[in-house]
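A.B. asks: coordinates only, sequence not included:
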């Protein structure tokens, strides 16, 4: 095991090419990285966003077309699985 479990990679389903790796940020920018392993990832119903959850209790919402981090939430417990419903409120 290594640091690669603390990243989210988005791969093109047809070509297998890496679209982006959602990982650490440059100095002074918001930290995108996880402190612990990412355990779950789910796309929004329309495919525009990706949500990822980690053992470090963080949940991050990403733009699926650019890889930009949109939101980070800290939960009370480790996030081992997640799902995205149709009624998610933005």
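C.D. replies: Okay, I see it. Nothing here was measured: the structure is a model prediction, and the numbers come from that model.
A.B. asks: what is the rounded mean pLDDT of stretch 9-24?
C.D. replies: For stretch 9-24, the mean per-residue pLDDT is 82.
A.B. asks: My error: substitute stretch 35-52 in the last question.
C.D. replies: Taken as a whole, stretch 35-52 has a mean pLDDT of 85.
A.B. asks: which other residues reach that stretch?
C.D. replies: Counting by Cβ atoms under 8 Å, 6 or more residues apart in numbering, the neighbours of stretch 35-52 from elsewhere in the structure are 1, 5-8, 10, 22, 53-56, 58-65, 70, 78-86, 88. Glycine gets a C-beta too; all of them are placed from N, C-alpha and C.
A.B. asks: how does it look with 6 Å?
C.D. replies: Residues external to stretch 35-52 that are found in contact with it (Cβ atoms under 6 Å, 6 or more residues apart in numbering): 5, 8, 53-56, 60-62, 64, 80-84, 86.
A.B. asks: Of those, which one scores lowest on pLDDT?
C.D. replies: The member of the contacts of stretch 35-52 with the lowest pLDDT is residue 5, and it reads 66.
A.B. asks: Could you measure from the spatially closest residue to residue 75 that is not a sequence neighbour over to residue 83?
C.D. replies: Counting by Cβ to Cβ, 6 or more residues apart in numbering, the nearest residue to residue 75 once its immediate chain neighbours are dropped is residue 57, at 4.8 Å. Residue 57 sits 18 Å away from residue 83 when distances are taken as Cβ to Cβ, to the nearest Å.
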